[in-house]
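[1] okay, predicted coordinates and the sequence, questions at the end:
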Amino acid sequence: MEGPDTYLIRPNYQHKFKPAVVKECIRETVKARLSEVQYDPDEVSELTRTLADCVKNKVKNLGFHRYKFVVQVTIGEQRGQGVKMSSRCLWDADTDNYAEDVFMNESLFCAVAVFGSYFY
Amino acid sequence: MVAKCVCAQKRSMDDTWSAAELKRRLSRRKEQERDTKQHRGGESAERRHRDSRGDRDHRDRHGERRDSGAEERRGDRDARAEPERPEDANRRARDSREGRGKRDKGRPKEGPQEEEDRLKRKEDRERRREERDRRRHEERRDDHDGRERHEDRKQSREEREQYRKQKEDRERRHKERACRDEKPRREREEEGAEEERAERERRREAVERRHSSSRESKASHRHDTKTSKAEDYEEDFEELDEDDKDGEEENGNAEVGEEVKAIQRAMGEENERVRASFSTFSKEEEEGKEKPEWSRVKHSDEKESRGSQRGKFIDFVAAKQREVSKKVAIKQRKRSAELLRLIDLDFSTTFSLLDLPPVSEYDMYIRNFGAANTKQAYVQCNEENADRDIQTEEVDLSDKWTQHPAEQSGACGDPNQSHETGKMIGMNFDSRRLAAFLRAASQVMSVLLEEDHAERSSFQGRTAQKDALSFSDGSLQLNTDLPFLRGRAVSRVLFSQAQRHRLLSVHEPSASTGDVVRHRGCAVICVWNMWEPSRPQKILLCESEVQCCCFSPGKATLVFAGTRIGSVALWDLREPDGNHHRLKVGEDEWTFRRPTFSTDAVPSVHFSSVTSVEIVPTTVAGGAGPEAVFLASEEELLGLSFQLASMDDNGLLNLWVVVQLPKANEAGSQTDLGLRPGGKVKLLHSSACVTAKGVSPSHADKTGPPQSLHLKFLPTDPSHFFIGTNMGLVSHGTTQGLKALPKCYSSQQLATRLVDVTAIQFSPFRPHLFLVGCSDGSVRLHEVSRDKPAAEWTDGTAGEEVVSLQWSQTRPAVFCVLDAASRLHIWDLLKSDTAPVVTEQLDADRLTAMAAFGDAGQQNTYSGIATAHHSGKIEMHYFTREFAIRSGHEENALEGMIVESF
């Protein structure tokens, strides 16, 4: 057996998950990637995956230590349908947070949500 | 969420299936479901994409579906239970092997009991995983459906289903656990041994299947959403719980070796069963490929079972894996337990990540319409051209005004209506009546005023009269002392037959210079009202000398005059004064009336002076007699149309019809040139007849051309006329030219004498008697039927010419004679039939004309003579009673006398 485990219950304030920063990061990424893209059902699945990976890597580099991230990317075609996305989480509200951004253009909409949960 | 993502991500690395293959299978299933679904919104690219691809695999899909679906339709738990049995058996076999293996190894960590417990739990877990997998397959199909529809909605429903199912599982598990906990170990030994083994086997199978199917699940995760992950996580969670609890159990409980022995016994029995059922299992495998995963799983199991059959092949890889995962699980458990003491997890609020409202149909239409900026803004449906009609009764509006304080005209009024119109309308009606009334009333008033004036003047003492004639007891003088009448001699005086008080006097053109210059050469006819002696009622002007004149019958509205130049003039006395020339003479204003009609314009009517103008009397039915007064109504019936006869010197008798025009033309007539503009009465020449034929030519040499001097019509028969000639004869003729006897009336002595017949007068009481006066002073009384006179008085006037001869109007036997010597003779035939009764000499201011007047009415009988003097004075002398009032038998006496004479 190992020795007694040490747990960091609260992260340092600087290392806390900052939604605004993450949101900005998401926005840049998405804008850069999706600005002139038309919705194409063949490519879109690949696109979501790559976008999620890209966002994840970027967020990782932002320097939130001991945070685990869940990146969810949803791209849908805009055909006049109504869409509602919501989420609910069971977490420690002090340390965990989420950031989301929505990008829309003529043919598609893209919702990116990054959930950051602190690994104690 | 405590590090479950790690596990999930780790497993995602173990993809042995190719993504494309998986996609195809999934897409095929999606297409199956999508055919029957309805879509919201427009055609999406994905759908078209998938549909185009899906037609190829249509048949295969259905076959697949049938087979795969049939299994599940069989029933939830039964279906799951059936394939489990052989697999369980394999599992159990494996477990037993592993258990033996492990036991053989002699793991230092865990006691055999612990291991067995773990195995049991694992079997449970596996079983649950199997069930979950099956459910997941169903749900995946449902998920495929849901993808076509609103994803989230479906997901939520699926989530709920999953939650429900998981809850059921949990409950079941709890029950199982409870069973396990509650049941004493003895029960477990007895009944639960098989169960435990089955659980173990199932767990193992589930774990393996999970591994194999996890690839698929991971692949589908890309299409699926979080829910499958959550499912997995929950599974893991549950596992953890189980593990935690298992761990607790482990820590807490201590196993007895008795159990181990029981287990070993059970395992041995199962192994035998496995061998028995191996053949059946292989058959099943051959029969049908239900699902590739199932088959593969079975395959792997088969491998294991064969392995186990061959010679107790120890599967180290799986054991190693299990070890590792167990370690990790324990660590995690410990960690979570410690942390949960320090941390509070709470349920966050719902974050809305994206809320995109659906696009309205109108916006969609507009988007497809063309430019996105256009909007249909204008609709033309001719709304401005609306017609409105109201059908109601017209409302009459009128304005009235009122003011306070009131003005002179009144306190209220109507601005539209002017006062004049009302008044005028009223006045129109009233004016005529008013005028008529005024005319009548004014005459009465003037008469009254005259009388009053006369009384006053008489009171003042002007009683001395110059001529107090013996036969008169009073006189009345007409005021002829007018500026324009001064110096004019009165040639005739004539009384109207109908209106006894009306008379006219003819004043000859004056020679003096002191008169109104303008009218010097004209003859003036004055129309008087006897009761109004101060001034004449009408003053008529005639251009030339008036030889004869007469009134119209009935109401004296017309005056006819025959002139020296051979024209007949008529005056309409009804004409308003304004039409005629007004002259201001002195202080008063006089209206001089010109003739309304003159026959001057009628060509060749008379060629010599008109000597006589007479009204042709109309025969009144019933023979009312000469006293009949033409009533106004009768006159209206006649319509003021009667005949006029004019006779000139040569005996030419013209008959005229007096016509009243309905409307006066102010502009004058273009056809009737003799009609005065505005005149209403004119003469129409009806016929002419020559009357001087009957004169014998033998006398013509001596006497010269015969002259007709006087004309009289027989009052009873207007067709008979009597003409006094210059031969001393009165010729008799008829207008129709018939023979009339006697032809002439001459004196007794000589048939023809060169004497002018100066007067013919019919007796007003006895129309068949007429008096004839000649220029030699003889007076004859003729009867119409005889040519010889009934009586003749040759020296009645002592040889002086008879100027005028008048019957008395009241007494049949009295007549007056005026001779040239200005002597008045009054004869009364009852008293004396040879000489006049009274003779008056009037030398001063010689008499020039005479007319008898009188009214034989019952109330006021007056009779008298109007005398015209040379000076222009006109006097009216009233007879005394003896001459005025007649006795009753006078007429009879006269008749007798005449009869006697013949």
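    Looks like it arrived, so ask away. Numbering: from 1, shown residues only, chains lettered A, B, ... in the order given.
[2] from here on, contacts and neighbour counts on C-alpha atoms
    Noted.
[3] list the contacts of the longest helix anywhere in chain A.
    The longest helix of chain A (DSSP state H) is helix A:41-61. The contact list for helix A:41-61 (C-alpha atoms under 8 Å, 6 or more residues apart in numbering or on different chains) reads A:22, A:25-26, A:29-30, A:33, A:69-75, B:45-46, B:49.
[4] strands along chain A, start to end?
    Shown for chain A, the strands assigned by DSSP state E span residues A:67-77, A:83-87, A:90-91, A:97-104, A:108-118.
[5] how far does the last one sit from the chain's center?
    The gap between the average C-alpha position of strand A:108-118 and the chain average comes to 3 Å, counting by C-alpha atoms, centre = their mean, to the nearest Å.
[6] so does that strand get close to chain B?
    Yes. For strand A:108-118, a contact with chain B is found by C-alpha under 8 Å from any C-alpha of the partner chain, at A:111, A:113, A:117.
[7] so the last one makes contact with A:Ala99?
    No. The pair A:Ser117 and A:Ala99 does not pass the contact test of C-alpha atoms under 8 Å, sitting 11.6 Å apart.
[8] what's the local residue count around B:Arg170?
    Using other C-alpha atoms under 10 Å in any protein chain shown, the number of residues around B:Arg170 comes to 16.
[9] winner for burial among the strands of chain A?
    Among the strands of chain A, strand A:108-118 has the highest mean neighbour count (mean count of other C-alpha atoms under 10 Å in any protein chain shown), at a mean of 22.
[10] for the residue of the stretch 351-500 of chain B found nearest chain A, which non-adjacent residue is closest in space?
    In the stretch 351-500 of chain B, the residue that lies nearest chain A is B:Pro358 (3.6 Å; C-alpha to the nearest C-alpha). Excluding its sequence neighbours, the residue lying closest to B:Pro358 (C-alpha to C-alpha, 6 or more residues apart in numbering or on different chains) is A:Gly82, at 3.6 Å.
[11] wait, what's in contact with the one you found?
    B:355-359.
[12] just these: which are in strands?
    B:355-356.
[13] spell out which residues of chain A are next to chain B.
    Residues of chain A lying close to chain B by C-alpha under 8 Å from any C-alpha are A:5, A:7, A:9, A:40-41, A:77, A:79-93, A:100-102, A:111, A:113, A:117, A:119-120.
[14] please redo it, this time with the cut-off set to 7 Å
    When proximity is defined as C-alpha under 7 Å from any C-alpha of the partner chain, chain A approaches chain B at A:41, A:79-93, A:100, A:102, A:111.
[15] picking up where we left off before, just the CA trace of the longest helix of chain A, in CSV.
    What follows is helix A:41-61, C-alpha atoms only, in CSV (Å, rounded to 0.1, in the frame of the first residue of the first chain):
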residue,chain,number,x,y,z
PRO,A,41,-22.5,16.1,-44.2
ASP,A,42,-19.5,14.1,-45.3
GLU,A,43,-16.9,16.4,-43.9
VAL,A,44,-18.7,17.6,-40.8
SER,A,45,-18.1,14.6,-38.7
GLU,A,46,-14.4,14.8,-39.3
LEU,A,47,-14.6,18.5,-38.7
THR,A,48,-16.2,18.1,-35.3
ARG,A,49,-13.6,15.7,-34.2
THR,A,50,-10.7,17.8,-35.3
LEU,A,51,-12.2,20.9,-33.8
ALA,A,52,-12.8,19.2,-30.5
ASP,A,53,-9.2,18.0,-30.4
CYS,A,54,-7.9,21.4,-31.4
VAL,A,55,-9.9,23.1,-28.7
LYS,A,56,-8.9,20.5,-26.1
ASN,A,57,-5.2,21.0,-26.9
LYS,A,58,-5.5,24.7,-26.7
VAL,A,59,-7.3,24.6,-23.5
LYS,A,60,-4.7,22.2,-22.1
ASN,A,61,-2.0,24.7,-23.0
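[16] so how far is it from its chain's centroid?
    On C-alpha atoms, centre = their mean, the centre of helix A:41-61 falls 10 Å from the chain's centre.
[17] OK, contacts around A:Arg88?
    Contacts for A:Arg88 (C-alpha atoms under 7 Å, 6 or more residues apart in numbering or on different chains) come out as B:348-351.
[18] B:Thr691 too?
    With C-alpha under 7 Å, 6+ apart, B:Thr691 has these contacts: B:651-653.
[19] in strands, which of those residues fall?
    The members of these that map onto strands under DSSP E are B:652-653.
[20] picking up where we left off before, looking at the contacts of helix A:41-61, which is nearest B:Phe902?
    Of all the contacts of helix A:41-61, B:Phe902 sits closest to B:Ala45, with 157.9 Å by C-alpha to C-alpha.
[21] quick one: pLDDT of the closest one?
    Listed pLDDT for B:Ala45 reads 55.
[22] still on that earlier bit, of the contacts of helix A:41-61, which is the nearest to B:Cys522?
    Nearest to B:Cys522 among the contacts of helix A:41-61, counting by C-alpha to C-alpha, is B:Ala45 at 130.7 Å.
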